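> Sharing a model prediction with you, sequence too.
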There are 2 protein chains.
Amino acid sequence: MGRTPAGKTRERILAFVRERLLAGMPPTVREVQEAFGFRAVGTAHEHLEALVAGGRLARERGKSRGFRLPTTRRGEKPVVLVPLLGCVQAGSLTTAIEDLEGHLPIRSGHGSDALFALRVEGESMTGAGILPRDVVVVRKQAAAHSGDIVVALVGEEATVKRLVVRKKRVELHPENPAFSPIVPEPEDVTILGKVIEVRRYLEGSHP
Amino acid sequence: MGRTPAGKTRERILAFVRERLLAGMPPTVREVQEAFGFRAVGTAHEHLEALVAGGRLARERGKSRGFRLPTTRRGEKPVVLVPLLGCVQAGSLTTAIEDLEGHLPIRSGHGSDALFALRVEGESMTGAGILPRDVVVVRKQAAAHSGDIVVALVGEEATVKRLVVRKKRVELHPENPAFSPIVPEPEDVTILGKVIEVRRYLEGSHP
DNA sequence: TTGCGTACCAGACAAACGTCTGGTATTAGT
DNA sequence: ACTAATACCAGACGTTTGTCTGGTACGCAA
């Protein structure tokens, strides 16, 4: 293999490793060697070591596929897969996970048990920037603060509304002048959780 | 280690492996063994093999850390981490990645090179359900169809607007009656990419 | 009871893998 | 011209890691 200008190959190696890391399959030293056509393992190893020394990569010494992105990334939380339910009906949250529409990758401090996602139907929350077919990510909790956007079960139906807590009862306020607040009897309403994220997919209908 | 009800531990192992894979660090068989307190490597290996046999995991035989998410899960696309840029200025897309605010997990068929994310400022797109501080995920492309929501560079400033293609020029339409369309000279506008996803984080400000 | 399947343990082997030592040729600085 | 640094090659060593064989304990059904 011919010689390469200073630092040129190194950048390509960094890009290669980063790509593999983001794809979830960290490369081995020998995979780097092969990808760049080196005839010696040590060559790839030297490049990787130089990248680590320069702080552009991190590694767990001795471990296989031990190269990582630099850890200085401000305590980023792990990514979990959250089930996307097509619709929510009474009791469905306590039953087995119905993998209706797939899983969403969510970066969260909570386990995937504490979260679920839901596709919104209707236009009652357009004023809060939640449009029909948007996906809301919900953290399960039985209570919420006044002003939170929640998923609540009224009778048999689940709806997304803004919660307003009164003295004796709770109100579910839409964010659309064409709709009226729901003021259910306290025993008819169950708060399933709080909306912590809204997503809208503009291409295709995926996921 | 005591005995466990059928299939119970298996599910937890699947969740563990999935989590690690999404975090970019596939576990070894022995790491699974340790995480679940098995005193034999074979036990972890059997569980993993059973998951592979059931199609719930994939693996590259013989390779270290060879367990992967099954690629055939209804064509679910891999999750990639997309850089979230605090702001976009001229030329910054071609330069090195500025890891300003972190990375977003995105399920996409494109490589992470083709995508970036951007925090929206201003209220010009509230009519399309894009509020201030929302995050838009953008696929890099130099052209787009009329009606697409795009990120465009007008002079030195990047904006999110709906694209309208006229005969000789393009127009950038806000979705808010309080703002007026931008009709720039063709040489003053560059389309950076098309918005394919909108995200809003309602808890904390972090993704 | 016997037989079968599952969950787990114990230990070992070979392949994969990170790391090291030593060497050659090219480039860059002085 | 001399030196230092860089890019690469060759091979080897020891650890990590996937995989295998054989065995124990428990539950379930015939």
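Ah, there it is. The shown structure was predicted, so the numbers you read here are calculated from the model rather than taken from an experiment.
> quick one: the lowest-mean-pLDDT helix or strand in chain A to strand B:79-85, angle?
Using mean pLDDT, DSSP states H and E, strand A:79-85 stands out as the lowest-scoring helix or strand of chain A, at a mean of 79. Using axes from the mean of the first three to the mean of the last three Cα atoms, to 10 degrees, the inter-axis angle of strand A:79-85 relative to strand B:79-85 is 110 degrees.
> Just the C-alphas of strand A:79-85, formatted as PDB.
C-alpha atoms of strand A:79-85 as PDB (Å, rounded to 0.1, in the frame of the first residue of the first chain):
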ATOM      1  CA  VAL A  79     -31.700   5.400  24.000                       C
ATOM      2  CA  VAL A  80     -34.600   3.100  24.700                       C
ATOM      3  CA  LEU A  81     -37.300   1.700  22.400                       C
ATOM      4  CA  VAL A  82     -40.800   2.700  23.300                       C
ATOM      5  CA  PRO A  83     -43.800   0.800  22.000                       C
ATOM      6  CA  LEU A  84     -46.100   2.800  19.700                       C
ATOM      7  CA  LEU A  85     -49.700   1.900  20.300                       C
END
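> anything in it near chain B?
Yes: contact of strand A:79-85 with chain B (Cβ under 8 Å from any Cβ of the partner chain) involves A:Val79, A:Val80, A:Leu81. For every residue, glycine as well, the C-beta is placed using N, CA and C.
> Flag every buried residue along that strand.
For strand A:79-85, the neighbour count (16 or more other Cβ atoms under 10 Å in any protein chain shown) marks A:Val79, A:Val80, A:Leu81, A:Val82, A:Pro83, A:Leu84, A:Leu85 as buried.
> Show me what the helix or strand encompassing A:Arg199 is packed up against.
Counting by DSSP states H and E, the element that carries A:Arg199 is strand A:189-201. For strand A:189-201, the packing partners by 3 or more Cβ pairs under 8 Å, 6 or more residues apart in numbering or on different chains; DSSP states H and E come out as strand A:115-119, strand A:135-140, strand A:149-154, strand A:157-165, strand A:170-173, strand B:189-201.
> Just put these in a markdown table and tack on mean pLDDT.
Shown next, in a markdown table, are those (pLDDT from 0 to 100):
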| stretch | mean pLDDT |
| --- | --- |
| strand A:115-119 | 88 |
| strand A:135-140 | 93 |
| strand A:149-154 | 90 |
| strand A:157-165 | 91 |
| strand A:170-173 | 94 |
| strand B:189-201 | 93 |
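> what about dumping the CA coordinates of the lengthiest helix in chain A to PDB?
The helix that spans the most residues within chain A, counting by DSSP state H, is helix A:8-22. Written as PDB, here are the backbone C-alpha positions of helix A:8-22 (Å, rounded to 0.1, in the frame of the first residue of the first chain):
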ATOM      1  CA  LYS A   8      -5.600  12.300   5.400                       C
ATOM      2  CA  THR A   9      -6.200   8.600   6.100                       C
ATOM      3  CA  ARG A  10      -6.700   9.400   9.700                       C
ATOM      4  CA  GLU A  11      -9.700  11.500   9.100                       C
ATOM      5  CA  ARG A  12     -11.300   8.800   6.900                       C
ATOM      6  CA  ILE A  13     -10.700   6.300   9.600                       C
ATOM      7  CA  LEU A  14     -12.400   8.500  12.200                       C
ATOM      8  CA  ALA A  15     -15.400   8.900   9.900                       C
ATOM      9  CA  PHE A  16     -15.500   5.200   9.300                       C
ATOM     10  CA  VAL A  17     -15.400   4.400  13.000                       C
ATOM     11  CA  ARG A  18     -18.000   7.000  13.900                       C
ATOM     12  CA  GLU A  19     -20.300   5.700  11.200                       C
ATOM     13  CA  ARG A  20     -20.000   2.100  12.500                       C
ATOM     14  CA  LEU A  21     -20.500   3.300  16.100                       C
ATOM     15  CA  LEU A  22     -23.700   5.100  15.300                       C
END
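> And that helix, what's buried?
Buried residues in helix A:8-22 (16+ other Cβ under 10 Å): A:Thr9, A:Arg10, A:Ile13, A:Leu14, A:Val17, A:Arg18, A:Arg20, A:Leu21, A:Leu22.
> And for the third one, nearest residue in space, chain neighbours not counted?
Spelled out, it's A:Ile13. Spatially, and ignoring its direct neighbours in sequence, A:Ile13 is nearest to A:His47 (5.0 Å; Cβ to Cβ, 6 or more residues apart in numbering or on different chains).
> Contact partners for the one you found?
By Cβ atoms under 8 Å, 6 or more residues apart in numbering or on different chains, A:His47 lies in contact with A:Thr9, A:Arg10, A:Ile13, A:Val32.
> near DNA strand D, which of those residues show up?
A:Thr9, A:Arg10 (Cβ under 7 Å from any atom of the strand).
> Next, format the contacts of A:His47 as TSV and append pLDDT and distance to DNA strand C.
Putting the contacts of A:His47 into TSV (pLDDT from 0 to 100; distance: Cβ to the nearest atom of the strand, whole Å) gives the following:
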residue	pLDDT	distance to DNA strand C
A:Thr9	84	13
A:Arg10	88	15
A:Ile13	89	13
A:Val32	93	8
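> Tell me the one among the contacts of A:His47 nearest to A:Gly55.
Of all those, A:Gly55 sits closest to A:Arg10, with 13.3 Å by Cβ to Cβ.
> I'd guessed that closest one sits against A:Leu51; true?
Yes: if you go by Cβ atoms under 8 Å, A:Arg10 and A:Leu51 touch, sitting 6.7 Å apart.
> if we can go back for a sec, tell me how far the strand holding A:Arg199 lies from the chain's centre.
A distance of 14 Å separates the centroid of the chain from that of strand A:189-201, by Cα atoms, centre = their mean, to the nearest Å.
> Parallel or antiparallel, which strands does that strand pair with?
Here strand A:189-201 is paired, per DSSP bridges, with strand A:135-140 (antiparallel), strand A:149-154 (antiparallel), strand B:189-201 (antiparallel).
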